[in-house]
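In: Model the following, please.
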Amino acid sequence: MDSIVFAPRGDKSAIEEGLEFSPRFDADGLIPAIATDAKSGEVLMLAYMNDESLKLTLQCGEAVYYSRSRQELWHKGKTSGHVQKVHELLTDCDQDAIVLKVEQVGAGCCHVGYPSCFYRRAALGEEIGPDPVQLIPTTSSKSYDPEAVYGKK
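Out: Residues are numbered from 1 along each chain as shown. The predicted structure is shown next:
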């Protein structure tokens, strides 16, 4: 991993038009990473990467994130077997966000048991009532039992 080097942050032109990868990590040393299904384009999850997890992802070809709640590296699928094989890693114009196009191996990526972490949508427009904005399920069933995979919490 020591052989992977990110370019220093240059001027605006170098960052926006250049061909050297110089990711901008936030004050906590993290960069948001959105995983999408490489075939369908479906958004699977949002996570964060630090310098080490981004380098590990590039090196091994599987998604490695940084868990903000556990404060540790998180090789996606190491516990569940639901690995994300990276087909493409994109960065935006400012190089402060990443999109991973992945092959989701296994039943799903969400720790709640759904194929995607985005399994609900917010009510919009006329759907909004006088109560707090409601969430509407986008799927009716889980793709796996999280208790069977992770055990009882």
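In: all contacts plus neighbour counts: C-alpha atoms, from now on.
Out: Fine.
In: Quick check: pLDDT value at the closest residue to Val112 other than its chain neighbours.
Out: Nearest residue to Val112, sequence neighbours excluded (Cα to Cα, 6 or more residues apart in numbering): Pro146, at 6.0 Å. If you check Pro146, the pLDDT there is 90.
In: Can you verify my assumption that Pro146 contacts Gly113?
Out: Yes: if you go by Cα atoms under 8 Å, Pro146 and Gly113 touch, sitting 5.3 Å apart.
In: coming back round to it: if I look at the residue nearest to Val112, how far off is Lys12?
Out: 45 Å (Cα to Cα, to the nearest Å).
In: neighbour count winner among the two?
Out: Pro146 (17 against 11; other Cα atoms under 10 Å).
In: quick one, phi/psi of that one?
Out: Torsion angles at Pro146 (phi, psi; degrees, to the nearest 10) stand at phi -60, psi -30.
In: contacting residues around it?
Out: Contacts for Pro146 (Cα atoms under 8 Å, 6 or more residues apart in numbering) come out as His111, Val112, Gly113.
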